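Visitor: compute the structure for the input listed below.
(4 chains, ligands or ions: 4)
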Amino acid sequence: MTRHLLKKLPSALLVLFLASFLIFAILRLVPGDPADLLAGPDASQASVAAIRDQLGMDEPLLTQYATWIGDLLRGDPGPSYAIGGEVSDLIGDGLGATVELTLGALFFTVALALLFGVLGATSRRGPVRAAVRALTTAALAVPPFVTGVLLVLVFAVGLRVLPAGGRIGLFDAPDLELQYLLLPALCLALPSAAVLGRYLGDGLERALAEDYVRTATAAGVAPRRLLWRHALPNALPPVVTLLGMQVGHLLGGAVLVEAIFAWPGLGQLAEQALTRRDYPVVQDLLLLLVAVFVLVQLLTDLLYALLDPRIRWE
Amino acid sequence: RSAVSAQEGAAAAGPKRGGKLTIGINQDFTPALLYTQSGESFQNRLIYNTLIRYDDQLKPHPELATSWEYAADGKSITLTLRDDVTYHDGRKFTADDVVFAVENLKKPERSAQLAATARTVTGFEKRGEHELVLKLAHPVSNLFDLFEFMIITDRHTVDEAVKGTKLNGTGPFRFKEWRPGTALTLTRNDTYWIPDRPYLDSVELRLYTQPDALLSALRSGQVHLSYQVSGKHLATLQSNANFTIKKYNTGNGAVYVGASVHEAPADSREFRQAVAWAVDRDRVVKQALGGYGLASAAPWPRSSPAYSEANRTHYTHDPGKARQLLKASGVPTKHTLPLGHPTTPLHTSIAEIVQYDLQQIGIRTELQPSDPASFQKKLISGTMPTLWINGHGFAQVQPATLAVSAYPFNEAKNTSGYGSDAYTEAVQDAWRHKDPTGAKALARYQKISDLLLDEAFIVDLAVQSAVQVAAKELHGPRLTKFSYLDLDDAYLV
Amino acid sequence: MTPPPTPPLLDVRGLSVDFPVPDGRTVHAVRDVSFTLRRGETLAVVGESGSGKSTTALALTRMLPGAGRITAGSVRLDGTELTTAGEQELRAVRGARIGMVFQDPMTSLNPVLSVRAQLDDVLRAHGGGNRAARRARAEELLGLVGVPNPRRRLDDHPHQFSGGQRQRVLIAMALANEPDVLLADEPTTALDATVQEQILSLVTRLNEETGTALVLITHNMGVVARTCERVLVMYGGSVVEDGPTARVLTRPRHPYTGGLLAAVPRLSSPSGTRLTGIPGAPPDLSLPLAGCAFAARCGFADAECGTGRPVLGDSEGGHLVACRHPDEVAADGSQRHGAPPRTPLLNLPQTPSGGTPCRGLNGPPAAGDLNGLDEGPDGAPVLAASGLRKEFRGRRPFVAVDGVSLRLHEGETLGLVGESGSGKSTLARLLAHAHPADAGTIALRGEDVTRPSREVQLVFQDPYASLNPRMTVGDIIGEPLLVHGLQPERTARRARVAELLELVGLDAAAADRLPRAFSGGQRQRIGIARALAPEPSVLICDEPVSALDVSVQAQIVNLLSDLQGDLGLALLFIAHDLAVVRQVSHRVAVMHRGRIVETGPADEVCERPQDPYTQALLAAAPDPVPAAAPSVHAA
Amino acid sequence: MTTPSPVLPRKPRVRKRGSSHPYVAALTSTRARIGLTLIGLVVLAGLLAPLLASHSPTAQSGQALAGPGSPGHLLGTDDLGRDLLSRVLYGIRTDLAVIALAVPLGAILGCAFALLATAHPALDTVVQRAFDLVLAFPGLILALTITAVLGPGRLPVIIVIALAEVPVFGRQLRAGILVQRTREYAVAARVGGTGRARLVLRHILPNCADPLVVQIAVSLTVAVFLEGAMSFLGVGVRPPEPTLGGILNQALPYLAQSPSFAAGPLLAVTFLVLGLSLLAEALNREIRR
Ligand SMILES: Nc1ncnc2c1ncn2[C@@H]1O[C@H](COP(=O)(O)OP(=O)(O)OP(=O)(O)O)[C@@H](O)[C@H]1O
Ligand SMILES: Nc1ncnc2c1ncn2[C@@H]1O[C@H](COP(=O)(O)OP(=O)(O)OP(=O)(O)O)[C@@H](O)[C@H]1O
Ligand SMILES: [Mg+2]
Ligand SMILES: [Mg+2]
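Guide: Ligands and ions are numbered 1, 2, ... in the order given. Next comes the predicted model:
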């Protein structure tokens, strides 16, 4: 396992390096710079120039890049340009919220995907199948930003059982926080759950038709056990790979959901930082997301090997 | 425990004194813009004070300055300051703090819109700790705008202030915490110089970047107060008995069509006037602003000294006249013109309306949306497309401020690239007089209005009203002329 | 009919099974099958591929795949009706009273669960006691089926077991709950003779010790003779003959059985003996049956056979047959198929092209130089390999082929036998350059070759996998013609493909169909046609007959020898069945653990084996002569 | 002498299904027919928009936010007084134009990269890392960035969607090729003399195509959303051109007040997604048998 990780390390680092370069370069290509925004709506060129100077934006690009990477390697990302505060604090806060949301969404994704998949694959009864199909289709067909607004309208405005948005912090009040988390996590999870559920259902159907399930059936193993113990582990590996890719989506794709639920996560931070051209924040944040994605990929590889014993010996 | 009732309980149980007020904002607090008037300056009057306070008629009332004496020649003003004021950290407020405040605003990196006015202050003469004479280079008609605008911050911690780590002021609330992207939290200043004020224990400015999220937060009772619900969203709240909606008719901004006067065909005045006749301002107010605004051809809100009904209705929706003018001007209309606008929903709607109206008189345009940052870049560097849609502020105070401080109208350098001796003269004339009111002053203002309307390099569409949406249980919030929030007298029941 | 001494344990009456297929027809896979099974009895089921053997077995416990359903009949287990039983009841029967061993050990075990988990699950499905008890029992079972070191192997996963071991794990699972009946569907097809022998003795021992009744489905008559008291012959979905093994195998009374037996190769037959197939094709099971299903291929058929359905009857000491002319058949054996009786192959090349007499056929026995150059006929070989080595790298590196040298002459057949996993296929692939070799050289007519060559072609072990499922048979066979520039022109190529198809006995119309529309035997022939397309001089056939029933096997083997005669091919023929190998080959090489342990003229090796492994292999091969059967019920 | 070899049991019959290409068989199943009908309806609505729409999609009547069924406006009007039916019809048209270009573009690029990757192990590493890189960038952030660079319009939307699809297709095809390459039939073709390029293009690709065909249906769905999400963030297709996502976004403030505003585009999206997923399912099923 460690060997596997070590083997993948250089190329992971390469991805990170390339990513840092790309991020830096693309950001400079984007028109508008932080100084303009910092100067405010009615600024004069003089104000802009003063601010550019203050931010060190007059330096050559390579120097700026080197400074950035140097600061990062020293573990001190420095202050943000536009948003205010230290980059590490900003990202730290956002990361907490995002991880919480992602985990919540992951939970729902897995739970719903299992539900959709298992019901879809095993139910012989027409109505149940139809209901599952209708649900998955609805989850696929209604865009998340509409789902989000609808969820809020129903549960927060109409029924008033859940808060409309915002976040307290898991450690301040866990019981309340869970209620804050419920809607955004659900909203974020629905499309992924529908896709994964469909793949899982397919995989289960396929696995249930395999010879080894026949073997177990012939030995008198109960249907429930056939499903969970024999078919599921075989249907899981491709779903896990997909889930790994979805984690990337959940992490970065949360921009919309975070906005709808006023969830102060990385997605919001990224959008804000980008619209305000807060170079350090955007750069560090994107690099972090890339790193997390790469890590998640490595982890799914490992998980995959755990699920399928044949892979271990390769 | 329910997250919903926990929050409602806190709000409902509050007696007259106490309680926590949550304000919904749509732009995060930006410490770097602390000295600039931006879309989010609510905390300025919560943490800090200003020297004076304008009433609706722009008459100054004492705040940190108890009285003032503007010299007859307009070259100096003597301020008497309160002597019972301390900063949150316990330090006494003195004349030096005012000196610092003025000097601070002059710095370009502070980007203060009233920097021009601040720069007319060329000297200080302290008379004791609480009396100060400001020497002026020349008389200015908007001196009190500066005093309304300029927050008195702690001169020793200004670097921390613009980083948002320490905000030390004399205001009713102390800075507690700022979580970027989430909220700015303030607690009651128990040693506020107005006795028994404020009523509220704490204030939170919570960020909702998505208008729908802000609306939901209000409707679900999570947020008590907001000034940033868009007109479109307000319709949903109008029938809701839990809210009071208050429209400030002083106006806190305006939307306009700008024209680059060096780009054909906008270099033709007739063309620009045709545009001014072509747009349907009432529709802009109704459909884009949700009815919360005043259709107006001139930038002035009703409360402005420069306001007149004639100015407001100088241009009305008259496509016939517009076509006629266009024809008379002889500019070709076969080219499609770029019409820039920021990607915000409001400006997009307005751009769509304007585009359609222009099409009716035969001017074809293509919308060129830019995200706010790129738009800002173009705005400042003066590289705007032939026509564009945007908003401006600073018409709600002394008219001279608009022409000196608001970039679109700046006589020396503006986005449109417009400049003329007449305009420069009119603006300087209006600014360099001591008296902001009176018949003579009005005549000077009218000259500016006439020029603006006739040249039409900025075609104003509508004056936006600040709209305050407050939960029923909240009483007494007030917005200053520069959209600073004043909660001195606010309380929750 | 003699009344059975004890009431039957399993009583099957008039069982019929239909499969609706996607194109709208219905396949009547099993038609009106009846038989009984007594406690402790051993019953073999033989018959042509596709005759409904597996389907019958599956139908007993209602395990039919897909849309298959029982349309008529009853299955009684100790008087309990199974065809109408509820799921719950069935589950109590499956595994506990009827254990089943499926045909394919590769896919019948769950790849992600350890063997322990799978055994455990089976035990726990029928009580099986607490964790510790189940654990102990699992270990005991694994030991029982002869897997060495059971305690350690329990935690291994199926991919860590060899094919034979997997087969034994499956048997252990079927036996876990000590069922009354064990249904074993071709449990030894993929195994070499020694492993096959192990498994058969295990099953026999269980039958003797625990009284488990056995139903054994197989193609191998030797296995039938070795293991079973009674035999059931199926054809076209029906039982055509049912009787004591000794009688059925020696005096078949159904013409199909006669044909089947005639097609069985015998280890005692010398090299060059031609196999006898049954001409004609099996019936279309989707058509309604009028008369005898075998009538179209039967030499004894008369007009009546085509109309009236023969019933299973005419008991003679428990020997039932469904034929109108049983006595003629019994008297005549298999003589009426149009094929000549066993005669030496006429076209066996007497000399390799050079003219030197083939030592392989009539030379002295080989000397002991086993891993050196293999001593074929003198003269220049077409293909000469020396020092071939192949190692599969991975966590546990494995040397599959270890220093193998061999020569192949024009017009010569070299038979290659050896246990499963001994590296036969790997060697074949090396020779055809399907894999690069790690060491050694391969020379074609004296010149070293390092890339796949037109002259050396390979018929793959698994015919289905080696055919592109997305290409028509015509395109598949035409591909080598095209890429070697033999027939660049389209219509000419089509004509050549049709020729090749006919050469291997397929209809030219097959060119437009996809591989999945063919039976196993037909696919094997498509593979041969493709290999012949580039006009090779060396043809390597990797187990071309292992999975086929004996009559189809006879067809293919004969086809190959005919081609060799016509085209002067050099053949490398890989097979498990020593009898087949002996009959088709001039020389035989025996492989064991990646090395060639013995080589020599076919008859010599088979009659006077030198290497202990070869001796073991030969000793384990069951002879289809029923006299060798352990116990024959006296009639 | 010849063995009496059996002839082919029966001539190939004319079959109802099954003998035809599996895709054709899949497309004629009930499931696929319903799917195709739904898609067809939406596509037709988009194609025939100029004929079906009674108003220009950008014409602004004075009457804003009219409910459905108001005179002259079957679905009512939007907040700027434009006919909703026309906007939805033209919105479909825009969406179709964008995704019908973007998804195949992404698919083709992805496949090209996959082919490149399987040509050499070194190239494989490069391409794989490039895919990682694209996958790692959060989609909407990418959208924001690209739009910021290029300015809003159709082009960035197409680029963003295509870019998002490249690794999706690329990875699947690469995995497919790597698996298929070791399959026995590929080895057989090699032994038969088939060259490297021909092996991949003629033999292996057709066997990898199935998941890709299904993926196209899935990707088309995802593309509709991505477009919508971009509109939602204000970086979508340039106004006043209607898109389904844009109209939905525009309707959000009025969800409580006039829910019918959102109904039109939502219905169109639902039809499209439902149709595509039915189609994907039908293909999946047929391919698997
Ligand atoms: N799932 C199925 N769908 C349709 N037809 C089937 C199915 N399974 C089996 N058949 C058909 O039923 C017939 C009997 O098949 P079965 O597997 O019982 O033959 P078999 O005697 O076991 O042959 P073999 O010796 O090749 O294993 C064959 O013609 C086969 O094509
Ligand atoms: N690709 C591979 N990777 C690793 N090991 C392999 C591979 N292919 C074959 N082997 C191993 O090499 C050995 C020889 O395999 P090979 O297929 O040549 O045997 P065989 O003699 O043809 O057996 P069978 O009679 O079962 O066909 C086996 O132990 C097998 O597990
Ligand atoms: Mg079978
Ligand atoms: Mg082999």
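
Visitor: ok, the residue in the stretch 151-300 of chain A that ligand 2 sits nearest to to chain C distance?
Guide: The stretch 151-300 of chain A approaches ligand 2 most closely through A:Asp211 (18.1 Å), counting by C-beta to the nearest ligand atom. (Each C-beta comes from the backbone N, C-alpha and C, glycine too.) Relative to chain C, A:Asp211 is positioned 4 Å away (criterion: C-beta to the nearest C-beta, to the nearest Å).

Visitor: name the nearest residue to that residue, sequence neighbours excluded.
Guide: Distances taken as C-beta to C-beta, 6 or more residues apart in numbering or on different chains put C:Thr107 closest to A:Asp211, at 4.1 Å, once the chain neighbours are dropped.

Visitor: wait, the one you found touches A:Ala209, no?
Guide: No. Counting by C-beta atoms under 8 Å, C:Thr107 does not reach A:Ala209; the two are 11.2 Å apart.

Visitor: while we're on the closest residue to ligand 1 within chain A, how confident is the model there?
Guide: Proximity of chain A to ligand 1 (C-beta to the nearest ligand atom) peaks at A:Ala209, 10.4 Å away. Confidence per residue is given as pLDDT, and for A:Ala209 that number is 82.

Visitor: again, but for D:Leu44
Guide: Among the per-residue scores, D:Leu44 holds a pLDDT of 92.

Visitor: same deal with A:Thr2?
Guide: Confidence for A:Thr2, expressed as pLDDT, is 69.

Visitor: check D:Pro9 too.
Guide: Per-residue confidence (pLDDT) for D:Pro9: 40.

Visitor: is the residue nearest to A:Asp211 located within a strand, as I assumed?
Guide: No. When DSSP: H, G, I helix; E, B strand; the rest coil is applied, C:Thr107 is found to be coil, with no strand at that position.

Visitor: and the gap between it and ligand 4?
Guide: Using C-beta to the ion, to the nearest Å, we find C:Thr107 at a distance of 17 Å from ligand 4.

Visitor: tell me, how many residues neighbour that residue?
Guide: If you count neighbours by other C-beta atoms under 10 Å in any protein chain shown, C:Thr107 ends up with 16.

Visitor: and C:Ile574, by the same measure?
Guide: Other residues lying near C:Ile574 total 25 when counted by other C-beta under 10 Å.

Visitor: and for the one 5 residues further on?
Guide: Residues near C:Ala579, counting by other C-beta under 10 Å, number 25.

Visitor: and for B:Asp84?
Guide: For B:Asp84, using other C-beta under 10 Å, the count is 9.

Visitor: okay, it: pLDDT?
Guide: 91.

Visitor: how far away is it from chain A?
Guide: 32 Å.

Visitor: distance check, B:Tyr315 against B:Ala295.
Guide: When distances are taken as C-beta to C-beta, to the nearest Å, B:Tyr315 and B:Ala295 turn out to be 10 Å apart.

Visitor: in chain B, what spans have low per-residue confidence?
Guide: Per-residue confidence of chain B (counting by pLDDT under 70) places the weak regions at B:1-15.

Visitor: now do the SS call for whichever residue of it sits closest to ligand 1.
Guide: When C-beta to the nearest ligand atom is the measure, chain B has its nearest residue to ligand 1 at B:Asp212, with 54.6 Å between them. Following three-state DSSP, the label given to B:Asp212 is helix.

Visitor: and it, what does it touch?
Guide: Contacts for B:Asp212 were tallied using C-beta atoms under 8 Å, 6 or more residues apart in numbering or on different chains; they are A:149, A:152, A:260, B:233, D:252-253.

Visitor: same thing with D:Leu80?
Guide: Contact criterion C-beta under 8 Å, 6+ apart gives B:287, B:349, B:352-353, B:356, D:60, D:64 as the residues in contact with D:Leu80.

Visitor: next: A:Glu86.
Guide: A:Glu86 is in contact with A:77-80, counting by C-beta under 8 Å, 6+ apart.

Visitor: and if you look at C:Val557?
Guide: The neighbours of C:Val557, taking C-beta under 8 Å, 6+ apart as the test, are C:265, C:275, C:544-545, C:580, C:583-584.

Visitor: just the element for it, please.
Guide: When elements are defined using DSSP states H and E, C:Val557 is found to belong to helix C:550-567.
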